[in-house]
Structures are given as C-alpha cells and as structure tokens.
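1. no sequence for this one, just the structure:
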C-alpha cells in the first residue's frame, strides 16, 4: 500500500512565523502535491512537483512556497503565517503515468493565532 | 459555475439502505473519474477509479458514469454505520498527469 506520511497531525503557530509542513511518501512516486481543505470549498491545489527540484503553482500559491530536494520528500512553507492560512493541509503523491489516482496523507490541521 | 458540483449534504439514511451519491460536471472532455472516502480528521482514501462511461463494482460499492448527462454516481448497498464519512468525487482530462478537479464532498451519515 502507498504510504504518505505528514510529520504533524496538529500544529499551532503564531502570526508572522515561518511554518514548515513536511511530507514523505514511500512508493517512489514522481508527483507530489499540497492541498488545503476548507469547509464548503473542497480541496484546493497549492503547489505540485513532478520531479526533484521541480515545482508548479496550483490554484492558490500566494503566501506559500515549496521545496523538493529528494524524490520522497515534499515540504510546504508558509513564509509569514497569517490567520487566513488556518486550515487542513493535505499532501498527496501519484505515479508520473497519465491519469493515475492520487494517494493522500492524513493531513495537518494548522491553526494560526 | 463550478466545474464539478456535489451536494454537501448531510445525507442521513438508516443502516441497510442503498445510498446514492452524485456529482455533475460541465466539461465533457473529462475521461477519468474517482471517488474518495474521507473519515473525520483523516485524509481522503481512494475508493473507486473508472475510465469513461459505464459501471464498475467493488463489493458493496458501484461507480457509474453517464457521460451523455455529465453525471457520475456512487452506490453503496447494505450501508453500514462505518460508511459514515464524507465522499468526494474527482475527475481529470485525458493525458493529465496531475490536475484533478474536485467536488466539495457529500457528508453521509448512516444511522444504526
């Protein structure tokens, strides 16, 4: 089974802090994704990466950056956390082959105070 | 108008009932269709994955795609309290290696 592991289940940070969310997958997948999930808005793509050191903006990249130094690891960075970034953050991975389903971690519930 | 529409619910049914969950979409080019199940405070897990039109069955679950109506359904037979979760539909275009278009999810409650 695909295993996607997010380093923290719950995180509380203060406004203005730099926040790092980490994700590791064990299936040698080329693609990795970061989403945020908010009630009534569904899943929104922040960034995705199709290879080491490669990244593409998703639908809502403002206020975020990402890092992918190793194939199995994808980090989401909140450069200066704000209260409107309080959300559930989900990491996913998939094979490079076209139209493969994405496999998710259990999410990080992030609160910015 | 959203590309994928999904009634948020909640949908509450008694145990043992047949459940029907639905999504409508506007882009006729979508070819791949997925259903995910998400329990509270967990990530989405893939439930069903279908290509183009037709039905796919897996145990108590059946996924149905009607491309002419731009409508997909997930049926759950003999529903159990453990089926209580949010169900998300997702779809993609041919040759897409990343872009999934998501419904907002339907919350399902199965009453014992």
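-> Arrived safely, thanks for sending. Quantities reported herein were computed from a predicted structural model and do not represent experimental measurements.

2. quick check: bridge partners of residue 65?
-> This is for chain A. Residue A:65 has these beta-bridge partners by DSSP bridges: residue A:77.

3. ah, no, chain B please
-> Following DSSP bridges, residue B:65 is listed with bridge partners residue B:54, residue B:72.

4. for it, which residues are in contact?
-> Residue B:65 makes contact with B:33, B:50, B:52, B:53, B:54, B:55, B:72, according to C-beta atoms under 8 Å, 6 or more residues apart in numbering or on different chains. In this view, the C-beta of every residue, glycine as well, is placed from N, C-alpha and C.

5. what of residue A:47?
-> With C-beta under 8 Å, 6+ apart, residue A:47 has these contacts: A:33, A:34, A:55, A:56, A:57, A:58, A:61, A:64, A:65, A:66, A:76.

6. next: residue B:109.
-> Going by C-beta under 8 Å, 6+ apart, residue B:109 touches B:9, B:10, B:11, B:12, B:13, B:84.

7. these, buried ones only, as a PyMOL selection?
-> The PyMOL command for the buried members of the contacts of residue B:109 (criterion: 16 or more other C-beta atoms under 10 Å in any protein chain shown) is given here:
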select buried, chain B and resi 13+84
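
8. now tabulate the contacts of residue B:109 in a markdown table and tack on distance to chain A.
-> Below are the contacts of residue B:109 laid out as a markdown table (distance: C-beta to the nearest C-beta, whole Å):
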| residue | distance to chain A |
| --- | --- |
| B:9 | 12 |
| B:10 | 12 |
| B:11 | 16 |
| B:12 | 18 |
| B:13 | 22 |
| B:84 | 17 |
